[in-house]
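Trainee: Using only what follows, build the 3D model:
(one chain, ligands or ions: 1)
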Amino acid sequence: MVDQSEQAWRVLSRRYGAQLCFTPMIHAKMFCDERNLRYRQEVWSTGEGDRPLIVQFCANEPEALLEAAKRVQDHCDAIDLNLGCPQHIARRGRYGAFLQDEWELIHKLNKTIEYARMIERAGAQMLTVHGRIRDQKGHNTGLADWEQIRCVKEAVNIPVIANGNILYFEDIQRCLEATGADGVMSAEGNLYNPALFANHNLPIWTMAQEYLDICQTITTKNAYIRGHLFKILRPALPFHADLRERLANANYLQEFCGLVDELKKRIVQIEQIDDSQLEHGTQLVSVPVDENGIKQYPYWICQPNVRSIVNFNPPVSNILSTREDTSNNDNDHSEDTIDFSNNFLG
Ligand SMILES: Cc1cc2nc3c(=O)[nH]c(=O)nc-3n(C[C@H](O)[C@H](O)[C@H](O)COP(=O)(O)O)c2cc1C
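Mentor: Numbers count the residues shown, from 1 in each chain. Alright, predicted model coming up:
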């Protein structure tokens, strides 16, 4: 995840059950540019315990992809090519989901032809499929279509990782059963509750403090930290606008730590919470569920952001895409939907 699956976040996510992590998407050409070492330092760091790790690149020149891959090959377990980013910047840069229009180029990049099967024949050893089309972003995100992922899984022989709609721990098993996939990937679900894979719902301050502790030992950009804290603390921030403001302006690790402590102090006092009971991940046994299947956690517990489900518009039939980058506020829906399912299903 761009700006969000940095080393410190991966350490946290692995502690809570993530068994395989991806780096943020890295621009292969910029990564290899000796005049842009700053970019390389910003987007790439790893260390002990950060395996298995997949490094994701975006590229439209085979040579750049190869060179970038060679630079990291001793520090990771696989290289992933982004074929899913639907943002403006990807269109301008001719990468991500816009390579869907450039099969010749994909063929060159992967030595294959014919999308899912093509990618398999190319020598890809694993395929991660996000069951949304390119236009499903921003307010139109909606639900991912697991049926389409199942079709891809049936069409290829390499392991398939299913992606999309993982809000709760139970969704992992549901998704595995619905798609027949070999694994499940979560992006947004993980950002709002990094303990998703461990079936824990910790207080937001416990999770935030643990992440900040990791950042004490792994240098992490303030912008990344701010982004993560906004998501972890999200359910409580509307009630503490002053802390939201402090978070927006914080520039030192100590400031981040201070505001998380303050938030905790306030909530524990207001809600009369016995924090000692909660530190190690309480299973909230009976959480009410609304008519859309959304669990009604207290606002101080890590929980998914359900924006995309609430605004769900049924997607057109036969959809399929790879992954989407929702990190930018890109609300351009002017493009036509492109249906690749027939190519996948053969
Ligand atoms: C903040 C953010 C950054 C993302 N960055 C990337 C990226 O760098 N590469 C990629 O393939 N997908 C990226 N995605 C898309 C996710 O990998 C995933 O396909 C999408 O969010 C749907 O999965 P989810 O429902 O679990 O969030 C990003 C998503 C988010 C929320």
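
Trainee: and the host helix or strand of residue 54, what other elements does it pack with?
Mentor: According to DSSP states H and E, residue 54 maps onto strand 53-58. If contacts are counted by 3 or more C-beta pairs under 8 Å, 6 or more residues apart in numbering; DSSP states H and E, strand 53-58 sits against strand 21-22, strand 26-27, helix 28-32, helix 62-72, strand 78-81. (C-beta placed from N, C-alpha, C; glycine too.)

Trainee: Put the alpha carbons of the longest one into CSV.
Mentor: The C-alpha coordinates for helix 62-72 follow below in CSV (Å, rounded to 0.1, in the frame of the first residue of the first chain):
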residue,chain,number,x,y,z
PRO,A,62,11.0,-4.5,-19.0
GLU,A,63,14.6,-3.4,-18.5
ALA,A,64,13.6,-1.1,-15.6
LEU,A,65,11.6,-3.8,-14.0
LEU,A,66,14.4,-6.3,-14.3
GLU,A,67,17.0,-3.9,-12.9
ALA,A,68,14.8,-2.9,-10.0
ALA,A,69,14.1,-6.5,-9.2
LYS,A,70,17.7,-7.4,-9.2
ARG,A,71,18.5,-4.7,-6.7
VAL,A,72,16.1,-6.2,-4.1
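
Trainee: Out of the helices and strands packed on strand 53-58, the one nearest residue 290 is which?
Mentor: Set against residue 290 and scored by C-beta to C-beta, these come closest in strand 21-22, at 31.7 Å.

Trainee: Okay, and the beta partners of the closest residue to residue 82 other than its chain neighbours?
Mentor: Excluding its sequence neighbours, the residue lying closest to residue 82 (C-beta to C-beta, 6 or more residues apart in numbering) is residue 58, at 4.3 Å. For residue 58, the beta-bridge partners under DSSP bridges are residue 27.

Trainee: ok, now which ones touch the residue lying closest to residue 198 once chain neighbours are set aside?
Mentor: Spatial nearest neighbour of residue 198, excluding adjacent residues (C-beta to C-beta, 6+ apart): residue 17 at 3.8 Å. Contacts for residue 17 (C-beta atoms under 8 Å, 6 or more residues apart in numbering) come out as 195-199.

Trainee: Run a quick neighbour tally on residue 249.
Mentor: When neighbours are defined as other C-beta atoms under 10 Å, residue 249 has 9 of them.

Trainee: Which residues of the stretch 101-250 of the chain lie near the ligand?
Mentor: Neighbours of the ligand within the stretch 101-250 of the chain, by C-beta under 6 Å from any ligand atom: 130, 163-166, 186-189.

Trainee: what about the stretch 201-346 of the chain, any weak spots by pLDDT?
Mentor: 277-285, 307-346 (pLDDT under 70).

Trainee: for the stretch 51-200 of the chain, same thing?
Mentor: Residue ranges of the stretch 51-200 of the chain with pLDDT under 70: 103-109, 111-114.

Trainee: what about the helices in it?
Mentor: 62-72, 88-93, 103-110, 115-121, 146-155, 169-179, 188-192 (DSSP state H, counting those that start in this stretch).

Trainee: Could you list the buried residues of the second one?
Mentor: Meaning helix 88-93. By neighbour count on 16 or more other C-beta atoms under 10 Å, the buried set for helix 88-93 is 90-91, 93.

Trainee: what's the answer for the fifth one, then?
Mentor: Within helix 146-155, the residues that count as buried by 16+ other C-beta under 10 Å are 146, 148-153, 155.

Trainee: and what of the fourth one?
Mentor: When neighbours are counted by 16+ other C-beta under 10 Å, the buried residues of helix 115-121 are found to be 115-120.

Trainee: ok, now the first one?
Mentor: Of the residues in helix 62-72, those buried under the neighbour-count criterion (16+ other C-beta under 10 Å) are 64-65, 68-69, 72.

Trainee: Quick check: which of the helices and strands packed on strand 53-58 is nearest to residue 304?
Mentor: strand 21-22 (19.1 Å).

Trainee: Adjacent strands (with direction) for that closest one?
Mentor: Strand 21-22 pairs in its sheet with strand 53-58 (parallel), by DSSP bridges.
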